[in-house]
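Engineer: Sequence and computational prediction follow.
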Amino acid sequence: MTDFTLHDKQSAPEESKGLLDNSVKAFGMIPGLHAVMAEAPGLLEGYQRLHQLFLDSSFNDEEVTVVWQSINVEHACHYCVPAHTGIAKSMNVDDAITDALRNETPLPTDKLEALRDFTLAIVRGRGNVDDDTVAAFLEAGFTKRHVLEVVLATAQKVMSNYTNHLADTPVDKPFQKFEWHKAD
């Protein structure tokens, strides 16, 4: 496996230093993912922007968690599932939702289940979903805006999940207690 550098503010390319400052302001540390992404300043900047745009989407915190974790679990991301478990806790998302996502078991409501199903349809179909799939999502109480915001989140999570696969990013200490491996 290729050895990627976990950059800090001293080793990072100049264009990434301010972006790493943003990471510290947002998270109180430089997450390992950001440390790896700092090698390519455009990747780190794009990821940070998409992260904020998705947080500012029309989804509530539970729904944000369902979309993120559905993608993370589908992509078997050893780093993002634990990190987003911690993030969900900081957002006061019910542990029952997080556990169902991590374990690929039923979610507590039909609406959240419809969101996971639609998100997985987008990921698995690479955006190619049939009209019935979109209609079922809309009938569950979501909007066309939500359809497109799932695409936004998918773009963000592809950036992080793929980077973590390539770099085998070590899970940050605060999230190690949420270690996760995809069930066989």
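Structural biologist: Structure's in. What do you need?

Engineer: In the chain, spot the helix with the most residues.
Structural biologist: Ranked by residue count and defined by DSSP state H, the top helix of the chain is helix 144-167.

Engineer: Helices of this protein, residue ranges please.
Structural biologist: Under the criterion DSSP H, the chain contains helices at 14-27, 32-37, 41-55, 61-74, 80-90, 95-103, 110-124, 131-139, 144-167.

Engineer: Can you give me every residue that contacts N161?
Structural biologist: Counting by Cβ atoms under 8 Å, 6 or more residues apart in numbering, N161 makes contact with 71-72, 75, 77, 80. For glycine as for every other residue, the C-beta is placed from the backbone atoms N, C-alpha and C.

Engineer: Export the residues you listed to a markdown table and append columns for neighbour count, pLDDT and distance to R145.
Structural biologist: Shown next, in a markdown table, are the contacts of N161 (neighbours: other Cβ atoms under 10 Å; pLDDT from 0 to 100; distance: Cβ to Cβ, whole Å):
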| residue | neighbour count | pLDDT | distance to R145 |
| --- | --- | --- | --- |
| I71 | 25 | 98 | 18 |
| N72 | 26 | 98 | 23 |
| H75 | 19 | 97 | 24 |
| C77 | 25 | 98 | 26 |
| C80 | 26 | 98 | 24 |
